[in-house]
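Participant: Return atomic coordinates for the entry below.
(one chain, ligands or ions: 1)
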Amino acid sequence: MTTLPAIRLGTRASALATTQSGHVAELIRERLGREVVLVEVATEGDRSSAPLASMGGTGVFVSALRDALLDGRVDVAVHSLKDLPTAPADGIALAAVPPREDPRDVVVARDGLTLGELPVGSRLGTGSPRRVSQLAALGLGLELEGIRGNVDTRIRKVREGQVDAVVLARAGLARLGRLEEVTEVLDPLQMLPAPGQGALAVECRSDDADLVAGLALLDDAPTRAAVTAERAVLSTLEAGCSAPLGALAEVVEGEDGEELWLRAVALSEDGGLSVRMSATGPVDEAARLGTRLASDMLDEGAADLMEAPPVRNQHA
Ligand SMILES: NCc1[nH]cc(CCC(=O)O)c1CC(=O)O
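Facilitator: Residues are numbered from 1 along each chain as shown. Got it, this is the predicted structure:
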């Protein structure tokens with residue numbers, strides 16, 4: 001009898017990454033009946049505290065893990081799907097997208113406050129152009145400050161009074177068991193999450209046919225459809241505009257059974273201008289739905305948002 005060797009699962013060292021990887025390792029043990037060992041891989045995004053945009057965006061978290069896959073140091077890599085660039089990577093398969101966590105953003109504020117309760121001039125920390133523009137569009141007169149760091153660091157900045165509040169992905173807090181920190185869950189009507197937020201990407205080498213087939217057992221069809229539509233919006237708009245963008249797709253019950261409901265927004269950086277649209281379509285035509293919605297958004301001027309002169313809608 002031969003025993004298959006343990007699957008080596010590459011992970012970043014952060015608490016969130018190891019929690020996510022541990023979760024996928026458990027799914028692999030359950031569904032594939034294979035042993036899994038976690039292998040830590042350092043990435044530029046973890047080593048440096050420079051603004052993410054100056055390092056080529058969140059792709060820095062992804063490329064080191066993909067290098068480890070292609071070098072054969074690991075067999076499987078787990079990423080936050082929202083950090084994954086939309087361009088396909090040579091030799092890498094997106095083998096599974098497991099069931100998604102709640103994709104919404106949340107507020108963690110001092111004294112249990114909600115966004116609407118924060119006094120004018122309160123300092124809110126977030127380095128994400130998507131969050132900055134959507135928060136500015138609410139016109140609450142908040143001072144938006146760029147901050148970075150892992151989930152724990154950001155929450156500590158509220159505790160220590162460096163900022164009055166931060167906005168984070170609910171999924172990260174859920175995975176870390178820290179939902180009690182949340183003071184408000186933001187409705188997507190006000191804050192559309194990043195494409196893929198709350199979902200995990202499980203990658204392997206595309207020529208590893210056994211693993212491609214095995215990992216398919218971890219895939220969740222509704223999540224796969226939703227993130228496919230959201231990422232189609234992202235890739236179509238990326239071609240024509242680099243404006244802050246939010247997108248959320250959900251499988252809902254329509255008149256003729258299940259359908260995919262997609263909402264998206266592109267904004268100018270100061271939130272003063274936006275193009276917001278929604279559409280529904282068949283669940284099995286997710287990519288087409290996303291591409292179509294994004295094309296409609298480009299027709300409505302989504303690409304021009306960046307060049308638009310700033311519009312002041314902050315509290316004067
Ligand atoms: N931007 C970094 C990042 N990438 C994934 C998550 C959280 C987990 C997820 O969205 O899946 C976070 C932290 C955050 O945005 O609060």
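Participant: Convert the C-alpha atoms of the helix of greatest length in the chain to CSV, please.
Facilitator: As assigned by DSSP state H, the longest helix anywhere in the chain is helix 221-240. Taking C-alpha atoms only, helix 221-240 is exported to CSV below (Å, rounded to 0.1, in the frame of the first residue of the first chain):
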residue,chain,number,x,y,z
ALA,A,221,-21.1,27.2,-6.9
PRO,A,222,-23.0,30.3,-5.7
THR,A,223,-19.8,31.9,-4.4
ARG,A,224,-18.0,31.0,-7.6
ALA,A,225,-20.7,32.6,-9.7
ALA,A,226,-20.9,35.8,-7.5
VAL,A,227,-17.1,36.4,-7.5
THR,A,228,-16.9,35.7,-11.2
ALA,A,229,-19.4,38.4,-11.9
GLU,A,230,-17.7,40.9,-9.5
ARG,A,231,-14.3,40.2,-11.0
ALA,A,232,-15.6,40.6,-14.5
VAL,A,233,-16.8,44.1,-13.5
LEU,A,234,-13.3,44.8,-12.1
SER,A,235,-11.4,43.5,-15.1
THR,A,236,-13.7,45.3,-17.6
LEU,A,237,-13.5,48.6,-15.7
GLU,A,238,-9.8,48.3,-15.1
ALA,A,239,-9.3,48.4,-18.8
GLY,A,240,-11.1,51.7,-19.1
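Participant: same for it, what does it pack against?
Facilitator: Helices and strands touching helix 221-240, by 3 or more C-beta pairs under 8 Å, 6 or more residues apart in numbering; DSSP states H and E, are strand 245-254, strand 257-267, helix 286-299. Every C-beta, even on glycine, is put in place using the N, C-alpha and C of the backbone.
Participant: will you turn the ones you listed into TSV that also has distance to M191?
Facilitator: Listed next are these as TSV, based on distance: least, C-beta to C-beta, whole Å:
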stretch	distance to M191
strand 245-254	7
strand 257-267	9
helix 286-299	18
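Participant: For the ligand, find the nearest of the ones you listed.
Facilitator: Among the helices and strands packed on helix 221-240, strand 245-254 comes nearest to the ligand, with 12.0 Å by C-beta to the nearest ligand atom.
Participant: Q197 touches A174, doesn't it?
Facilitator: No: look at Q197 against A174 with C-beta atoms under 8 Å: they stay out of range, at 11.9 Å.
Participant: Comparing those two, which residue is more hemmed in?
Facilitator: Each of Q197 and A174 has its neighbours counted (other C-beta atoms under 10 Å); Q197 has more, 27 against 16.
Participant: just to revisit the earlier point, reformat the helices and strands packed on helix 221-240 as TSV; add distance to E230 and mean pLDDT.
Facilitator: As requested, the helices and strands packed on helix 221-240 are exported to TSV (distance: least, C-beta to C-beta, whole Å; pLDDT from 0 to 100):
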stretch	distance to E230	mean pLDDT
strand 245-254	4	96
strand 257-267	7	97
helix 286-299	6	98
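Participant: Compile these into TSV and extend it with columns for distance to V97 and mean neighbour count.
Facilitator: Below are these laid out as TSV (distance: least, C-beta to C-beta, whole Å; neighbours: other C-beta atoms under 10 Å):
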stretch	distance to V97	mean neighbour count
strand 245-254	12	21
strand 257-267	14	21
helix 286-299	11	20
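Participant: and the stretch 101-250 of the chain, which residues reach the ligand?
Facilitator: Selection of the stretch 101-250 of the chain residues close to the ligand by C-beta under 6 Å from any ligand atom yields 168-169, 171-172, 197-198.
Participant: Among the residues you listed, name the ones in strands.
Facilitator: 168-169 (DSSP state E).
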